[in-house]
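>>> Need a 3D model of the following:
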Amino acid sequence: MPPSGIVLYGAPASGKDTVTQALTELDHRYVHYQRLKAGGGRTAGYRPCTVEQIKDLRDRDLILYENVRYDSRYAIDRPALDALFARDLIPVVHLGQLDGVHAVRRYPALWLVALLQCHRTTAAVRARERGSADITARLEAWDETERDLASARPDEFALRIDTDQVPPADAAQAIDMELQRMHASGVSASSR
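The predicted model follows:
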């Protein structure tokens, strides 16, 4: 059986951090994959690095996906995923771009992709509550993610969760059950 990973796709403040926390409380094998981040601003949930370090990994073909947002560069690197899978952990990757989802799916694992959504006004309130200083930029990114979502295939997501309606613990339970179902049905990484 291939290793398993989860991608939580959603706009800023759609609940990715909160649902990830609920997953880690449900099962110790779930672990937040911390993307590399070169730039200022929030560092919680990221592995701070330099642009040169990302470039070095990219030059060695060790970057699965990278993007620029909020004047920072973010990257998903193969060595960090390799290390988590080697410890029999289930990484939970946060993304807001479909290109990122497609890139991560090329990594040989069984990937469950869950769409987390909330109303734009909810996202604004959540961003303020967590102390984001750049609410306008967060809402612009929210809009970009919604436009990106319009190009998604109907089967792009194993689950769609409205975080305005579904409590984090229930969302985590649904994700966990779907991952178990995928394993039981023998779904391969290449068929999702």
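
>>> Quick one: low-confidence residue ranges for this protein.
For the chain, the stretches with pLDDT under 70 are 1, 186-192.

>>> which residues of it fall in helices?
Along the chain, counting by DSSP state H, helices occupy 16-26, 51-59, 78-86, 98-105, 120-129, 135-149, 168-185.

>>> Now render those as JSON lines, adding mean neighbour count and distance to residue 66.
For glycine as for every other residue, the C-beta is placed from the backbone atoms N, C-alpha and C. Listed next are the helices of the chain as JSON lines, based on neighbours: other C-beta atoms under 10 Å; distance: least, C-beta to C-beta, whole Å:
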{"stretch": "helix 16-26", "mean neighbour count": "20", "distance to residue 66": "18"}
{"stretch": "helix 51-59", "mean neighbour count": "14", "distance to residue 66": "6"}
{"stretch": "helix 78-86", "mean neighbour count": "15", "distance to residue 66": "12"}
{"stretch": "helix 98-105", "mean neighbour count": "18", "distance to residue 66": "9"}
{"stretch": "helix 120-129", "mean neighbour count": "16", "distance to residue 66": "23"}
{"stretch": "helix 135-149", "mean neighbour count": "16", "distance to residue 66": "16"}
{"stretch": "helix 168-185", "mean neighbour count": "16", "distance to residue 66": "25"}
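
>>> what about those helices, which gets the closest to residue 113?
helix 98-105 (5.8 Å; C-beta to C-beta).

>>> what's the angle from the closest one to helix 135-149?
For helix 98-105 against helix 135-149, the angle by axes from the mean of the first three to the mean of the last three C-alpha atoms, to 10 degrees is 70 degrees.

>>> Any idea which residue is closest to the centre of the protein?
Nearest residue to the geometric centre of the chain (C-alpha atoms, centre = their mean): residue 94, 1.4 Å.

>>> how near is the residue nearest to that one when sequence neighbours are not counted to residue 130?
Nearest non-adjacent residue to residue 94, counting by C-beta to C-beta, 6 or more residues apart in numbering: residue 16, 4.4 Å away. Distance, residue 16 to residue 130, using C-beta to C-beta, to the nearest Å: 12 Å.

>>> wait, doesn't residue 175 sit right on residue 157?
No: Residue 175 lies out of contact with residue 157 (C-beta atoms under 8 Å); the separation is 11.1 Å.

>>> residues shared between the contacts of those two?
residue 114 (C-beta atoms under 8 Å, 6 or more residues apart in numbering).
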